[in-house]
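Visitor: with the sequence up front, the predicted model follows.
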Amino acid sequence: MFQYDFIIRAFIAGITIAILAAISGSFIVLKRYSILTETLAHSALVGVALGILLGTAPLLIAVFTALLSAWLIEYLRSFHNLYSDSILAIFLSASLAIAIIIVSLAGEFNSSLFSYLFGSILSVTTEDLIMLALFGIISLSVLLGFFKEFYFIAFDEEVAQTSGIKVKLLNFLFITIVAIIIALSIRIVGTLLIGALMVIPTISALQFKRGFLETMIIALIISVISVIIGITLSYHFSLPSGATIVLTILLFFITSLVTNRKLR
Amino acid sequence: MHWSVKITMKFNVPIFETKFLHFVRQNQNIVNKVSLRINRGDYTAIIGPNGGGKTTLIRLLLGLEKPTSGDILLFGLPLKKFNSWDKIGFVPQRVTQIDLNFPATVIEVVKMGRIAKRGFFKKESPEDLQAIEDAMKKMNVTYLKDKLIGDLSGGQRQRVMIARALASKPEVIILDEPNTGVDAVSQQRFYSLLKELNEKEKLTILFITHDIGVIANDIDSILCINQGLLSCNSPHEAMSCSSMSKLYGIDAHIMHHHH
């Protein structure tokens, strides 16, 4: 299968995304932000739709719409007395509605949209890889650079603040990075399934009852292996890669649940 | 109307100072024109009825809530200009309500106490590691260091949280009802430890409590808070005087006492 360039591109993109999703996902789960990933993915879809309509750079526009939505959500959450889960619900539905209207206007409802929704290994271009490398390095640097701060904030936001950590600024930075990672994942995993890649590996890793660093490493391993298996299955059976990846992760989740119940 | 109180002075260097501190939430006075001063080396307990504003007062001092009016000085600096947060260790009330499924070992939690001091991308310095080890030793949690926080007893978890606060080598430590959910034996041991930290390490201690009888002999002063501040300079006075009934009653009167 490695005689084709597209599959090599798919693997490079997939593994990069798996690493970013697992590391950011550990914080997302512990901060109770799981639903945020779904919302931002739908906001990214608006960018994709715009890209399809304009005929240029859907991924780059997706990064911008996801960022815009992330910042607006964080703003509404911290400065207005609104329930944060209802804000997320509003943004999710609104984004989807806008995206569908734009795509309908573009008149390409069936063809390319399907791959943006569920991922496709055929769709990764060289330009995508360059963008992935650029934003991927930025995201990874932020995640690793502020690793311990993000961890402290996830554990206890208020004590983190009283110990002198700039919590508001770091929360803003974190949600920015998450929006970027989600937008970048669209090609391989698709907007409807990226949430699973960010959340389920960490949930599975949590079943092993380890400290934070070990939990994150387990999540990382599950995430990378699932993406490799998922892309391989997608290639052999001509299935959307997002779906095969998510089902592989689910298998890991069920296995970790069952084996760890037995251990206790 | 406001009340001003001076607390027993050991060193006479103010660590916390408030002037006419006022906090209103939903048209209710939660903290009502409180002026107080806590000096270096003081061992101070805050008592008062539930909903009387004890926790809010502490949250105001830590900058977690913004006062409606009034001033707060930390180590002589206005709160806005203060940035030596490593001098203050905070152990919140939620110690016993912490997410027990959170993947954190004891050492990972204690290490958090050093995070704000370290730069980005930096590993712990030998100084960091020493401070972490010292803090764990002081709180007698070294033997638990690889255990998950969720697997500990209430008393152990409480000691870990205090170890984290001590890891930044603070000059003052603030504890909000540190004994909720801890058994009586651990409680007694815990109080003698606080006493020791205050006497040997010259640590300034400020804490909210309900079991005033247990520590009456240890502490220097008591702040009685029921929206406003009622002065009770010595612990024995606080217990014998009529202030108790006043404090937990509706109407508050002031007792003024200087040492």
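Guide: That came through fine.
Visitor: ranking helices and strands of chain B by mean pLDDT, which lands last?
Guide: Ranking every helix and strand in chain B by mean pLDDT, DSSP states H and E puts strand B:3-4 at the bottom, with a mean of 48.
Visitor: could you identify the helix or strand that succeeds that strand?
Guide: Next along the chain after strand B:3-4, taking DSSP states H and E as the criterion, comes strand B:14-25.
Visitor: okay, now the closest residue to chain B within the stretch 151-264 of chain A: neighbour count?
Guide: Distances between the stretch 151-264 of chain A and chain B by Cβ to the nearest Cβ are smallest at A:Gly164, namely 3.2 Å. All C-beta spots, glycine's among them, are computed from the backbone N, C-alpha and C. Neighbours of A:Gly164 under the rule other Cβ atoms under 10 Å in any protein chain shown: 18.
Visitor: excluding its backbone neighbours, what's nearest it?
Guide: Leaving aside its sequence neighbours, A:Gly164 sits nearest to B:Trp85 (Cβ to Cβ, 6 or more residues apart in numbering or on different chains; 3.2 Å).
Visitor: hang on, the one you found packs against B:Gly113?
Guide: No. Between B:Trp85 and B:Gly113 there is no contact under Cβ atoms under 8 Å: 11.3 Å.
Visitor: of those two, who's got more company?
Guide: Of the pair B:Trp85 and B:Gly113, B:Gly113 is the one with more neighbours under other Cβ under 10 Å, namely 27 against 20.
Visitor: and the pLDDT for that one?
Guide: Per-residue confidence at B:Gly113 stands at 90 (pLDDT).
Visitor: so it, which state does it fall into?
Guide: Following DSSP: H, G, I helix; E, B strand; the rest coil, B:Gly113 is assigned to helix.
Visitor: where along the stretch 151-264 of chain A do the helices fall?
Guide: Using DSSP state H, counting those that start in this stretch, the helices found in the stretch 151-264 of chain A span residues A:157-162, A:167-189, A:194-206, A:212-237, A:241-263.
Visitor: could you point out which of those sits nearest B:Asn50?
Guide: helix A:157-162 (19.8 Å; Cβ to Cβ).
Visitor: and the closest one, what does it pack onto?
Guide: helix A:147-155, helix A:167-189, strand B:88-91, helix B:106-115 (3 or more Cβ pairs under 8 Å, 6 or more residues apart in numbering or on different chains; DSSP states H and E).
Visitor: how about 6 Å then?
Guide: Contacts defined by 3 or more Cβ pairs under 6 Å, 6 or more residues apart in numbering or on different chains; DSSP states H and E place helix A:157-162 against helix A:167-189.
Visitor: okay, now the spatially closest residue to A:Ala154 that is not a sequence neighbour: neighbour count?
Guide: Nearest non-adjacent residue to A:Ala154, counting by Cβ to Cβ, 6+ apart: A:Leu30, 4.1 Å away. By the criterion of other Cβ under 10 Å, A:Leu30 has 22 neighbours.
Visitor: centre-most residue in the chain?
Guide: In the absence of a named chain, this looks at chain A. Central residue of chain A (Cα atoms, centre = their mean): A:Ile182, 3.7 Å from the mean position.
Visitor: ah, I was thinking of chain B
Guide: Geometric centre of chain B, nearest residue: B:Ile174, 1.9 Å, by Cα atoms, centre = their mean.
Visitor: that one: which element?
Guide: B:Ile174 is located in strand B:172-176, with elements delineated by DSSP H and E.
Visitor: mind checking the pLDDT average for that strand?
Guide: 91.
Visitor: before we move on, what about stretch A:21-41?
Guide: Averaging pLDDT residue by residue across stretch A:21-41 gives 92.
Visitor: buried residues in that stretch?
Guide: Using 16 or more other Cβ atoms under 10 Å in any protein chain shown as the test for burial, stretch A:21-41 gives A:21-31, A:33-41.
Visitor: the residues you listed in helices, which ones?
Guide: If you go by DSSP state H, these have A:21-30, A:34-41 in helices.
Visitor: re earlier: if I look at the residue nearest to A:Ala154, how far off is B:Asp86?
Guide: Look at A:Leu30 and B:Asp86: by Cβ to Cβ, to the nearest Å, they are 24 Å apart.
Visitor: you'd agree A:Thr244 is up against A:Ile229?
Guide: No. Applying Cβ atoms under 6 Å, one finds A:Thr244 not in contact with A:Ile229, separated by 7.7 Å.
Visitor: more neighbours, the two?
Guide: Applying other Cβ under 10 Å to A:Thr244 and A:Ile229 shows that A:Thr244 carries more neighbours, namely 25 against 17.
Visitor: next, the contact list for that one, please.
Guide: A:230, A:233-234 (Cβ atoms under 6 Å, 6 or more residues apart in numbering or on different chains).
Visitor: once you drop chain neighbours, what's closest to B:Leu74?
Guide: B:Phe82 (4.3 Å).
Visitor: what pLDDT does the one you found get?
Guide: 89.
Visitor: wait, it touches B:Ile72, no?
Guide: No. Using Cβ under 6 Å, B:Phe82 makes no contact with B:Ile72, being 8.8 Å away.
Visitor: where does the chain have low pLDDT?
Guide: Using chain A. Along chain A, the model assigns pLDDT under 70 to residues A:81, A:108-111, A:262-264.
Visitor: oops, I was thinking of chain B
Guide: Scanning chain B for pLDDT under 70 picks out B:1-11, B:94-97, B:119-121, B:180-182, B:213-216, B:230-259.
Visitor: which parts of it sit against chain A?
Guide: Within reach of chain A by Cβ under 6 Å from any Cβ of the partner chain, chain B has these residues: B:62, B:64, B:85, B:90, B:103-105, B:108, B:112, B:115-116, B:120-121.
Visitor: would you pull up the residue in the stretch 151-259 of chain B closest to chain A?
Guide: Counting by Cβ to the nearest Cβ, the stretch 151-259 of chain B gets nearest chain A through B:Ser168, at 6.5 Å.
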